[in-house]
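quick one: sequence and predicted model below, then my questions.
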Amino acid sequence: MTQITVRQLYEDSKEKLELNWVAGRNGVDKLLTSDTVQKLSLALIGHLNFVHPNRVQVLGCAEMDYLHSLNSDALKKAIDSLFSTELAAIIIANNEKVPPSLLEASNNTQTPLFTSPSPSPELMSFLRHYLAQVLAASVTLHGVFLEVMGMGVLISGSAAIGKSELALELITRGHRLIADDMVDLFQVAPDTLEGRCPPMLEGFLEVRGLGILSIRTLFGEIAVKAKKNLKLIVHLEKPADKGMTDMERLEMHSSTETILGIDIPKVRIPVAAGRNLAVLVEVAVRNHILHLRGINSAELFMERQQQMILGED
């Protein structure tokens, strides 16, 4: 199960949300294991089924007005109800004044408590998007990930087959590098994989004979990109000993590869001396775009061939 600590949440969000850590600092290593962000007034008045563990609870104006309206006994009961299930963190919106009893409960339960000047809808929108990204199921694959003609393309293949050299040529043709050697893929939606570069490798490409190249320095900011949805896999392979069949000549040898339960279209391109692989990758991408539009060049050719045969008869 993917999870992060409250410390990471704070470090990643403190500038955007202007977070102020006011209590519960001993809970810095508490884990968030769900991307659900709650804002439920019922949680304050004993409806414990609305309070789930390892999640972020946002308290807005309505919740804080309710707390401020209670007498000391009722306030203690409401706060005890809120903390009865272990929360990962609490964020109070609009820089609302925090009751001392809430600060005390936060420290006693080691539950991080933050305040923010942002209104609760803005807080929840940001946190939901952030947590959905960082808690997404992920896998790391070997290959070079690029944006080719606006489409996320993973170039895979065995070691030393020429993936990085091909990526360098594509970059010189105006395409963009996302990750070299290793790419982290995150399932950000039921049918979508987002590819990102590990921070250590970002902006660098290793080419045999040239060493490690800083693509951003060599080609400028426009030559690199932080992330992109994976839409196509181009697999480089050594040509088989036997020749291609007529069917393989008429249509690209295509299939799919399943990653995190999602089928990604995959095209295999044989590598041989004299072949312009950069052009072939560009054409593979163009051809895939046509397929997405319902146009299959091989089928069109075979239909024309069939019509000519029938015409001769």
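Arrived safely.

C-alpha from now on. contacts and neighbour counts both.
Fine.

how about the helices in the stretch 1-150 of the chain?
For the stretch 1-150 of the chain, the helices identified by DSSP state H, counting those that start in this stretch occupy 6-17, 61-69, 72-82, 100-109, 120-134, in order along the chain.

and the second one, which residues are buried?
This points to helix 61-69. For helix 61-69, burial by neighbour count (16 or more other CA atoms under 10 Å) applies to 63-64, 67.

residue ranges with poor pLDDT in this structure?
Applying pLDDT under 70 to the chain flags residues 1-2, 34-54, 240-254, 312-313.

where does the record place the domain boundaries for it?
Using automatic domain parsing, the domains assigned to the chain come out as 4-134, 138-307.

circling back: nearest to G24, out of the helices of the stretch 1-150 of the chain?
Evaluated over these, closeness to G24 peaks at helix 100-109, with 4.3 Å, by CA to CA.

residues in contact with that closest one?
Helix 100-109 is contacted by residues 22-26, 76, 79-80, 83, 112-113 when judged by CA atoms under 8 Å, 6 or more residues apart in numbering.

try it again with 10 Å
The contact list for helix 100-109, computed with CA atoms under 10 Å, 6 or more residues apart in numbering, reads 22-27, 67, 72, 75-76, 78-80, 82-84, 86-87, 89-90, 110-113.

thinking again about what came up before, can I get the helices of the stretch 1-150 of the chain in JSON lines including distance to E282?
Shown next, in JSON lines, are the helices of the stretch 1-150 of the chain (distance: least, CA to CA, whole Å):
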{"stretch": "helix 6-17", "distance to E282": "37"}
{"stretch": "helix 61-69", "distance to E282": "54"}
{"stretch": "helix 72-82", "distance to E282": "56"}
{"stretch": "helix 100-109", "distance to E282": "56"}
{"stretch": "helix 120-134", "distance to E282": "30"}
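
who wins for proximity to T172 among those helices?
Of all the helices of the stretch 1-150 of the chain, it is helix 120-134 that lies closest to T172, at 31.1 Å by CA to CA.

got the buried residues for that closest one?
Residues of helix 120-134 classed as buried: 120, 123-124, 126-128, 131-134 (neighbour count, 16+ other CA under 10 Å).

what is the nearest of these to V279?
Q133 (33.9 Å).

quick one, phi psi at the residue nearest to the closest one when sequence neighbours are not counted?
The shortest distance from Q133 to any residue other than its chain neighbours is 6.2 Å, reached at V188 (CA to CA, 6 or more residues apart in numbering). Backbone geometry at V188, expressed as degrees, to the nearest 10, gives phi -90, psi -10.

how many neighbours does V188 have?
Each residue near V188 was counted by other CA atoms under 10 Å, and the total is 19.

same deal with I161?
The criterion is other CA under 10 Å. On that basis, I161 has 14 neighbouring residues.

which of the buried residues of helix 120-134 sits closest to K228?
Out of these, the member with the shortest distance to K228 (by CA to CA) is Q133, at 12.9 Å.

could you look up the SS state of G174?
Local secondary structure at G174 is given as coil here, using DSSP: H, G, I helix; E, B strand; the rest coil.

buried residues, stretch 195-210. List them.
Neighbour counts using 16+ other CA under 10 Å place 195-198, 201-207 of stretch 195-210 among the buried residues.
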